[in-house]
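Trainee: Sharing a model that was predicted from the sequence below.
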Amino acid sequence: MLNEDIEEQDGYHYDFTTASEWEIFIARLEEIIHEWKVTHVPLKSSLKHGQLFTSPWETQHETLSFADVDFTLTRYYAKINEEEEPTNSLLENDSEAAQLQPLEDMMSMENDFIPVVFEGNRSHPHLLSRWYGLRDFVVLTPAQGILVTSESKIKILLSSVCIAINNSNCSVPVFIQVLDPWQNFFLGVCEARGVRAEYEMVHLRRVPPHCKHLTGLLNVFKSKVGTATLAEAVTVSARLCYILRDWTSFAWMQEPPDLEFLMGEVGVGELGTLPFGATFDPVSELVLYTSWYGLRETVVVDSESYSDLDPSQAPEWRVAIKMADKPVCLLSEYLSEFMHLCSSNRSMADLLGDLLQHQQPGPTLTASLSVLTESRVPTISKVLGQAKGTFSKDKTREGPVSDDLLMPILYFLFPDADENVRSPYPEYLTNYLIKDPKPNQEMFAGMKTAPVDSLVWRLAVVMSHATHTLGGVKAAAHLWFEFCQELRFRWERAIPIPGVVRVFPDSKTCLLNQKLQMLNCCVETKTKRENALLSSSTDDLLTDESEDDEEEFFDCEAETEEFLIAGELPHRRRPKHSLWNKPVGRFKRCENLRLLQTGEYLYIPITQDPTPKTEDQLEEDERVMLQLGTDAQGMELRTRMMSASLLSDMESFKAANPGAELEDFIRWYSPRDWVEDDEVDEFGQKKGHLSPRMQLPGNMWVEVWTAAKPVPARRQKRLFDDTREAEKVLHFLEARQPRDVALMLVSTLTHASVATLAHHAAPIEVPGLEPAVRHIAGKAELLSRASLADMRRYEE
């Protein structure tokens, strides 16, 4: 007995209470169905014509596995606004089984033959919605790369779906996708309230002859219903499709692009525009759909020998096109080539080694562009001849781009060097009262690029031409080299850079545009400084008497009235200032303000202009300020850096107003820090005192005023060293590699590309085209403000 008990205990016993993989799979299906709340879905209002196509579709996804195979369960449902109460005919039916939303949707003819838009491997709306007219359904799809082809596996999946539907009371159809994905083969079931609908498909290589006409299809339909005679006539909706694939005898409406405009005579119009269009007709097929809706089988005949479905008599025509697979589009190619330049690792020395080695000081081959005045700067043609004579023995000096192609490009960038200006810059770059006349400019108002048709804009466009047409990265490097040479030439001769708004660097534009604005500021400051040095020698020859006479010209009438009131007359005119304390650097008198101590009129001094800075310099200053720390030494250094401009203004004020006090400076420089009293001083102006902020111990203003000397602005140390700043800009630009240049120009080129797209789309009246262009412009605006290193977003 003991041995028998041991044998019974060691024997295998199957635990039927343990859930199998199949049961876990079914339970997971039921759980997801309950989470999505697709049980007992109420009947909704009838669908309107084409509503399944026009309504937005939403999806819900869940992952699950069965037998080591991953599946995705996806719910597709249309977001339809329920404006009306359900008025379906099925609501009046006494049978609750008939009141199912899928049955109502299948019986509706309002969404027969809805269009389907394919986006990659996906369609909108789903093909099941087009075939069965469903607004809400669930699809079980195997993971990518896994095919369900065996009949046994298909039956297991269908059985699992049927069990889950019955256990959860799911009232929406559930489909499984089997066979190859390209076949779009779905099997499904919908079961609720005693009604079961099976969705079956047949995939045939060839259409049977009897199914090519309506008569044969009606016979198939009646055989599936199970009766040859029906109580009512069958209602039919039909559509015939006609495909046109060859129309070579017709002219292509799109004007073919000029693919070799840079190989011949280069014109201004071609240089300033980006190419647009496809190299061949992007439409591969033209499809005509003729449709008939709600026809009774008794009024239409369509057989092999005769057909009432005449396309010319169809009540509805629809035309669709099928685009060629990846057509060659010029604008897209330009942008793609430029993106490759952004990722290039080649340096200027590798690309232009010979040209850089033979670089000589002074005028170069193409950098010596000039203004219109021939006596000041020689024209390009003259410089070209001189350079050819100088380097005629050295054949390796010529760059990748020949002179015949390079000269028109440089004249296009710097039109003031051409005797016959053919491509002047627009007036709105120099006159703020004139606005850009091009339409839809508000679409690009937030772009952080450069003004339309400015120097940076043109440079980005011609750089894309050079990259795509003239030789790739070598041509781009050569063009950038000559561009930098021209900038240095203009700086050395104080020639303004055209096509750049002459204001302080605008942080709303790209960095390259700010650098060129900074260089123009340097040129302007250099010109003013040299002119001031010439005029200062004349000012130093003025005598004290002439200065006194000039001052008496302003003060004579006022002082004479004061003496007459006092009953006295001046016996003689005495000089107001000694030789070592003469006022210097006066701009104009500051209304009727007088100095508190001497009573002389207060003069506004000539001060140094504020220091312009580009955004990278501002970021560098911010980093330096943060690195100084919060200790006493750091605070002192920070104060010195911030008070440089204040010290310069105080010194200019002291030079223009001998005998002035800090209070006088405050009255002019910061009037809010001067508190007036009701009393009047001896000179007829109200007395006052400094604000509490200015009276704090250790006040920076007091310390700076004490340290300030009476030095006019022209003799001070320059706050803005134009020579140093110009060299910094030129060094920054000359040190850029081709990749860096492309990164600086990519946002402007994107702006120009979107503007080209908007220009060609403007005359086309297609619904949805303008919002699509505006959406692209919004994306480009976000990209223009992104980091230069974030190129993945441009590639997307």
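Mentor: Structure received. Residues are numbered from 1 along each chain as shown.
Trainee: hey, let's count contacts and neighbours off CA atoms from now on
Mentor: OK.
Trainee: Now Lys687: which helix or strand?
Mentor: Counting by DSSP states H and E, the element that carries Lys687 is strand 686-690.
Trainee: Packing partners of that strand?
Mentor: Judged by 3 or more Cα pairs under 8 Å, 6 or more residues apart in numbering; DSSP states H and E, the packing partners of strand 686-690 are strand 674-680.
Trainee: Now do the helices in the stretch 551-700 of the chain.
Mentor: 615-627, 632-642, 644-656, 662-669, 700-707 (DSSP state H, counting those that start in this stretch).
Trainee: Turn the ones you listed into a markdown table, including mean pLDDT and distance to Leu335.
Mentor: Putting those into a markdown table (pLDDT from 0 to 100; distance: least, Cα to Cα, whole Å) gives the following:
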| stretch | mean pLDDT | distance to Leu335 |
| --- | --- | --- |
| helix 615-627 | 80 | 27 |
| helix 632-642 | 68 | 44 |
| helix 644-656 | 88 | 45 |
| helix 662-669 | 89 | 52 |
| helix 700-707 | 86 | 54 |
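Trainee: most neighbours per residue, which of the ones you listed?
Mentor: Using mean count of other Cα atoms under 10 Å, the stretch among these with the largest mean neighbour count is helix 644-656, at a mean of 23.
Trainee: and it with helix 700-707, angle?
Mentor: If you take axes from the mean of the first three to the mean of the last three Cα atoms, to 10 degrees, helix 644-656 sits at 50 degrees to helix 700-707.
Trainee: Can you pull out the residues in contact with helix 644-656?
Mentor: 582-586, 603-608, 610, 660, 665, 704-705, 708-713, 716, 719 (Cα atoms under 8 Å, 6 or more residues apart in numbering).
Trainee: Stretch 206-216 too?
Mentor: 217, 301-304.
Trainee: Span of it from start to end?
Mentor: Taking Cα to Cα, to the nearest Å as the measure, stretch 206-216 stretches 15 Å from start to finish.
Trainee: Tell me the buried residues in that stretch?
Mentor: 213-216 (16 or more other Cα atoms under 10 Å).
Trainee: What average pLDDT does stretch 485-504 get?
Mentor: Taken as a whole, stretch 485-504 has an average pLDDT of 90.
Trainee: go on, stretch 244-252?
Mentor: Rounded mean pLDDT across stretch 244-252 is 69.
Trainee: go on, stretch 298-309?
Mentor: 88.
Trainee: and the angle from the helix ranked longest in the chain to helix 615-627?
Mentor: Identified as the longest helix of the chain according to DSSP state H is helix 511-540. Calculated by the same axes, to 10 degrees, helix 511-540 forms an angle of 90 degrees with helix 615-627.
Trainee: and helix 511-540, what other elements does it pack with?
Mentor: Right, helix 511-540 is packed against helix 615-627, helix 722-734, helix 738-761 by 3+ Cα pairs under 8 Å, 6+ apart.
Trainee: Swap in 10 Å and give it another go.
Mentor: Here helix 511-540 touches helix 455-465, helix 473-492, helix 615-627, helix 722-734, helix 738-761, going by 3 or more Cα pairs under 10 Å, 6 or more residues apart in numbering; DSSP states H and E.
Trainee: Let's have the helices of the stretch 551-700 of the chain in a markdown table, adding distance to Leu479.
Mentor: As requested, the helices of the stretch 551-700 of the chain are exported to a markdown table (distance: least, Cα to Cα, whole Å):
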| stretch | distance to Leu479 |
| --- | --- |
| helix 615-627 | 25 |
| helix 632-642 | 40 |
| helix 644-656 | 40 |
| helix 662-669 | 48 |
| helix 700-707 | 49 |
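Trainee: who wins for proximity to Thr756 among those helices?
Mentor: helix 615-627 (28.7 Å; Cα to Cα).
Trainee: now that closest one, how far from the centre of its chain.
Mentor: 26 Å (Cα atoms, centre = their mean, to the nearest Å).
Trainee: Alpha carbons of that helix, as CSV, please.
Mentor: Taking C-alpha atoms only, helix 615-627 is exported to CSV below (Å, rounded to 0.1, in the frame of the first residue of the first chain):
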residue,chain,number,x,y,z
GLU,A,615,23.8,88.1,-30.7
ASP,A,616,26.9,85.9,-30.3
GLN,A,617,28.7,88.9,-28.6
LEU,A,618,25.8,89.5,-26.3
GLU,A,619,25.8,85.8,-25.3
GLU,A,620,29.5,86.0,-24.7
ASP,A,621,29.1,89.1,-22.5
GLU,A,622,26.4,87.2,-20.5
ARG,A,623,28.6,84.2,-20.0
VAL,A,624,31.4,86.5,-18.8
MET,A,625,29.1,88.3,-16.3
LEU,A,626,28.0,84.9,-14.9
GLN,A,627,31.5,83.7,-14.6
